[in-house]
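In: What follows is a protein structure lacking sequence information:
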Ligand SMILES: Nc1ncnc2c1ncn2[C@@H]1O[C@H](COP(=O)(O)OP(=O)(O)OP(=O)(O)O)[C@@H](O)[C@H]1O
Ligand SMILES: [Mg+2]
C-alpha cells in the first residue's frame, strides 16, 4: 500500500499542509525543527492512532491555536491506495472543555471513507513500519516498552486484538481497584470472579496472539539477522509470559533461558481456562499486594544473539543489528499477513548505520511500495540514490520538491 495524499491541519508545526505522494521513496531533507519527523508521525498516526514521538496525543495539537478558541482541533487526513483501491482515513484530535473550570479533555475520532468508525475497526486499514532512533529502547528499555512494541504490531495485523487489549486493560484497572478495597475494608474474595473471567477471556486472546506473533517474527528476524552478521550470530526472540500456559514441571521453579518452549499448539480456550484458574488461586496474594500479579500486562520479551541477552549484555552495534532485523521481519510479516507491503517510515536512521547495514536497508527500500525517510544531511546518501528517488525540502513547515540538475 502507499499514501497518495496527506492533509494536515493544526498538527504540530503544520497549521495546514497538503501533499501529494508518489508511489516511491521520498527523502525529506531540512535543518532541525522544520517538520520532517512530524510528517512521518502523521503517517504513523494513521496506522496506530497514537503518537510515535510526543509523550501524549494532546501535544500533537498546534500550540499556537488561539487561547480563545473553545475547541482546538487537529486533523490528519490520509488518502491511500490498497490493493489498487483508494481509501480515505481521517483522524481528528479534539481538545474540548470537560465541564470543570478551565480544564480540557482530549477526544479522538476517526472516519473511513467519510463514515465514522471505532478505532478498533480501523486498525489494519493502513499499515506502517516505523524505524526511529529512540527505538533502541525496545531492546534496552523497560518491559512496558517491549509490550507496547509487540502490541503495536498485533493491533495492525490481528483483527480484534486492539479491542481485547482495551477490554483487558480496563478490567485490570477495575480488578486492581477492587483488590485495594478488599485489602483495606475486607469482604468476600468471590467479588473478584467476574473480573477474573473478563481477564481470562481477553487476556487469553492477547497471550495467544503474542505466542504466534513472536514465533513468526522471531523466525523472520533470525533470517535477516543471519544475513546482516554473515552467519556469525544466531538471533532469537524469547517470549516470557507472566502467566505461562505451559507450566514448568513440578519441582522446577523456572525454565532455564536456553530452553526452547513451543507454546504455539495451545488453543485460546485452554489458555483462558488455565489463566482463570491461576487468577483464582492468587486471590489472597493479590489482595495483599493490591494488584494483579499475573497476566499479559506483566509479560516480557527478550532478544538473544548467540544465547546472550542483548538487553543486558549487548553492544550498541549488536542492538542496532537486532533492531534492523526486527524491522525487516515486521515488513515481511505484514506483507505475509495482509497481502500488502506496509509503508516504511525511517526517521534519521541512516546516520546510525554503517555502510553494510545501510546497504541492507536500501535493499528493503526496493521492495516496499513507498518509504518516507528524513535526514538533516543529504550528503549521507549516494548520488545514485538522490538521483533515483524523490528529494523534498522541509523548511518551517513548508514542503517543496528539490529540483534536480
Ligand atoms: N504542538 C505543537 N505545536 C506547534 N509546533 C510544535 C508542536 N509540537 C512540536 N512542535 C514544533 O514542531 C517543530 C518541528 O518538529 P519536528 O520534530 O517535525 O522537526 P524535524 O524537522 O524532524 O527536526 P529534527 O531534524 O531536529 O529532528 C519543532 O520546532 C517543534 O518544536
Ligand atoms: Mg526529526
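Out: That came through, no problem. Because the structure is a prediction, the values reported are computed rather than measured. Ligands and ions are numbered 1, 2, ... in the order given.
In: How much space separates the closest residue to residue 138 other than its chain neighbours from ligand 1?
Out: What sits nearest to residue 138 in space, not counting adjacent residues and going by C-beta to C-beta, 6 or more residues apart in numbering, is residue 149, at 4.8 Å. C-beta coordinates here come from the backbone N, C-alpha and C atoms, glycine included. Distance check for residue 149 against ligand 1: by C-beta to the nearest ligand atom, to the nearest Å, it reads 21 Å.
In: now the helix or strand in which residue 149 is found: how far from the chain's centre is it?
Out: The secondary structure element spanning residue 149 is helix 143-157 (assigned by DSSP states H and E). When distances are taken as C-alpha atoms, centre = their mean, to the nearest Å, helix 143-157 is centred 5 Å away from the chain's centroid.
In: Give the buried residues for the helix or strand bottoming out on mean pLDDT in the chain.
Out: Taking mean pLDDT, DSSP states H and E as the measure, the chain has helix 355-367 as its least confident helix or strand, at a mean of 88. By neighbour count on 16 or more other C-beta atoms under 10 Å, the buried set for helix 355-367 is 357, 358, 360, 361, 364, 365.
In: Looks like residue 373 contacts residue 343 (just checking).
Out: No. With contact defined as C-beta atoms under 8 Å, residue 373 does not count as touching residue 343 (11.3 Å).
In: State the helix or strand in which residue 384 lies.
Out: helix 383-388.
In: swap that for residue 130, please
Out: Using DSSP H and E, residue 130 falls in strand 128-131.
In: and that strand with ligand 1, contact?
Out: No. With C-beta under 6 Å from any ligand atom as the measure, strand 128-131 is seen stopping short of ligand 1, the closest distance being 13.3 Å.
In: just checking, what packs against that strand?
Out: Secondary structure elements in contact with strand 128-131, counted by 3 or more C-beta pairs under 8 Å, 6 or more residues apart in numbering; DSSP states H and E, are helix 36-48, helix 316-338, strand 343-347.
In: Let me see the ranges of the strands in the stretch 101-250 of the chain.
Out: Listed from the start of the chain, the stretch 101-250 of the chain has strands (DSSP state E, counting those that start in this stretch) covering 104-112, 115-117, 128-131, 235-240.
In: strand partners of the second one, parallel vs antiparallel please.
Out: Read that as strand 115-117. Each strand that pairs with strand 115-117, with its direction, by DSSP bridges: strand 104-112 (antiparallel).
In: Nearest residue to residue 104 in space, ignoring adjacent ones along the chain?
Out: That would be residue 95: by C-beta to C-beta, 6+ apart, it lies 4.9 Å from residue 104.
In: partner residues bridging that neighbour?
Out: In this structure, residue 95 has beta-bridge partners residue 72, residue 106, where bridges are defined by DSSP bridges.
In: Would you check that it makes contact with residue 62?
Out: No. Taking contacts as C-beta under 8 Å, residue 95 lies outside contact range of residue 62: 10.6 Å.
In: Give me the common contacts of the two.
Out: Where contact means C-beta atoms under 8 Å, 6 or more residues apart in numbering, the residues bridging residue 95 and residue 62 through contact with each are residue 72.
In: on that earlier part again, can you put the strands of the stretch 101-250 of the chain in JSON lines and add mean pLDDT and mean neighbour count?
Out: Output for these, formatted as JSON lines (pLDDT from 0 to 100; neighbours: other C-beta atoms under 10 Å):
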{"stretch": "strand 104-112", "mean pLDDT": "95", "mean neighbour count": "15"}
{"stretch": "strand 115-117", "mean pLDDT": "98", "mean neighbour count": "11"}
{"stretch": "strand 128-131", "mean pLDDT": "96", "mean neighbour count": "24"}
{"stretch": "strand 235-240", "mean pLDDT": "95", "mean neighbour count": "20"}
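In: Now do stretch 17-35: distance from first to last residue.
Out: 11 Å (C-alpha to C-alpha, to the nearest Å).
In: Likewise for stretch 49-68?
Out: One end of stretch 49-68 sits 27 Å from the other (C-alpha to C-alpha).
In: Just the mean pLDDT for it, thanks.
Out: Here stretch 49-68 scores 85 as its mean pLDDT.
In: who touches it?
Out: Contacts of stretch 49-68 from elsewhere in the structure, counted by C-beta under 8 Å, 6+ apart, are 10-15, 37, 40-41, 44-45, 72-74, 91, 93, 95, 104, 106, 108, 110, 119, 122-123, 130, 132, 134.
In: For that stretch, buried residues please.
Out: 49, 50, 51, 52, 53, 57, 58, 60, 61, 62.
In: hmm, that stretch in reach of ligand 1?
Out: Yes. Using C-beta under 6 Å from any ligand atom, stretch 49-68 reaches ligand 1 at 59, 61, 62, 63, 64.
In: Might you report the residue contacts of the residue nearest to residue 104?
Out: Contacts of residue 95 were listed using C-beta under 8 Å, 6+ apart, and they are 58, 61, 71, 72, 73, 104, 105, 106, 107.
In: what's near enough to touch the closest residue to residue 280 other than its chain neighbours?
Out: In this structure, residue 280 finds its nearest non-sequential neighbour in residue 196, 5.9 Å apart by C-beta to C-beta, 6+ apart. Listed by C-beta under 8 Å, 6+ apart, the contact partners of residue 196 are 175, 276, 279, 280.
In: Next step: those residues restricted to helices.
Out: By the criterion of DSSP state H, membership of the contacts of residue 196 in helices covers 175, 276, 279, 280.
In: So among those, which ones count as buried?
Out: Restricting the ones in helices among the contacts of residue 196 to buried positions leaves 175, 276, 279, with burial counted as 16+ other C-beta under 10 Å.
In: helix/strand/coil for residue 9?
Out: Residue 9 falls in the strand class when you classify it by DSSP: H, G, I helix; E, B strand; the rest coil.
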